[in-house]
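Asker: Got a predicted model here, sequence first, then my questions.
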Amino acid sequence: MQQASYDLSRLRSLAISDTGFVFDPRTGQSFTVNSSGLLVMKSLKDGLPIRTIQQMLRDTLDGGHSVEDDVESFLQVLLDLGLTSAESVR
């Protein structure tokens, strides 16, 4: 099974407000994220491992919601926006 390794250097340059407003100073683009997206982005920016972020999300959601697919989908959005890049590693 392969796992992705992410280059987060561009993500770290983003300005992220506590309300979910995200600004990319390199491009001038801005967007908003919900509370889960905000947790993921801030945690990635702080260098936390993806598994830790997934556990943090599980802890904030009732019923032990499975978050692995949600986090992977969000990471794909960040890739699509060019805010990070991925390289498969073994």
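Answerer: That came in fine, so what should we check first? Residues are numbered from 1 along each chain as shown.
Asker: any low-confidence regions in the chain?
Answerer: Within the chain, the segments meeting pLDDT under 70 span 1-5, 62-65, 87-90.
Asker: same thing but at 80, please
Answerer: 1-8, 61-66, 86-90 (pLDDT under 80).
Asker: For it, which segments count as helices?
Answerer: If DSSP state H is used as the criterion, the helices of the chain fall at 9-12, 35-45, 50-60, 68-80.
Asker: between those helices, which one is nearest to residue 20?
Answerer: Nearest of the helices of the chain to residue 20, taken as C-beta to C-beta: helix 35-45 at 4.7 Å. The way it works is simple: take the backbone N, C-alpha and C, and place the C-beta from them, glycine included.
Asker: Might you calculate how far the closest one sits from the centre of the chain?
Answerer: Helix 35-45 sits 5 Å away from the centroid of its parent chain (C-alpha atoms, centre = their mean, to the nearest Å).
Asker: now stretch 29-36
Answerer: With C-alpha atoms, centre = their mean, you get 11 Å for stretch 29-36.
Asker: so how far is the first residue of that stretch from its last?
Answerer: This stretch, stretch 29-36, spans 21 Å end to end (C-alpha to C-alpha, to the nearest Å).
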